[in-house]
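What shape does this take:
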Amino acid sequence: MFLTMALLRKGISGKQWIGKYRRQRAITWQMKRNMLVHLEREAENEYWISRPYMTTEQERGHAAERRAQNWLKIKETKFQKFPEHKYVADHLSHLNTTKTWSS
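All right, here's what the predicted structure looks like:
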């Protein structure tokens, strides 16, 4: 198809590497090698994922204490960032009229 279009129309219309009727890339030995490496790596990952490190009983609640301590740290840092309380008496202390005025 590309040869016919190239001969009859004096070239492929548009860009030959993109689009619906694009020209296919040639598969090289490097592409095959890289694909094999990728598939081997994926097979090894599947192997290690399929074998759990801990049993279900060991896994249940093994990190509860660590997570609780982390939560306490987060809570403490939030409280440290929180500004101090402002009391109404301190804020309105300039309005006190019990002072004696000197003349």
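
rest of the way, CA atoms for contacts and neighbours
OK.

At which residues are the helices of this structure located?
With helices called from DSSP state H, the chain shows them at 2-9, 29-50, 56-59, 64-81, 88-91.

would TSV of those with distance to residue 15 be doable?
Output for these, formatted as TSV (distance: least, Cα to Cα, whole Å):
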stretch	distance to residue 15
helix 2-9	12
helix 29-50	23
helix 56-59	56
helix 64-81	56
helix 88-91	74
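
Where among these is average confidence lowest?
Ranked by mean pLDDT, the helices of the chain bottom out at helix 2-9, with a mean of 68.

Quickly note the distance from residue 69 to residue 61.
14 Å (Cα to Cα, to the nearest Å).

try residue 101
69 Å.

Comparing the two, which residue is more hemmed in?
residue 61 (10 against 6; other Cα atoms under 10 Å).

Please name the residues that touch that one.
Listed by Cα atoms under 8 Å, 6 or more residues apart in numbering, the contact set of residue 61 is empty.

Looking at the helices of the chain, which is nearest to residue 21?
helix 2-9 (9.1 Å; Cα to Cα).

Residue 36 and residue 100: what is the separation?
For residue 36, the distance to residue 100 - Cα to Cα - is 94 Å.

Looking at these two now, which is surrounded by more residues?
More neighbours surround residue 36 than the other of residue 36 and residue 100, with 12 against 6 (other Cα under 10 Å).

ok, the more buried one - contacts?
No residues are in contact with residue 36 under the rule Cα under 8 Å, 6+ apart.
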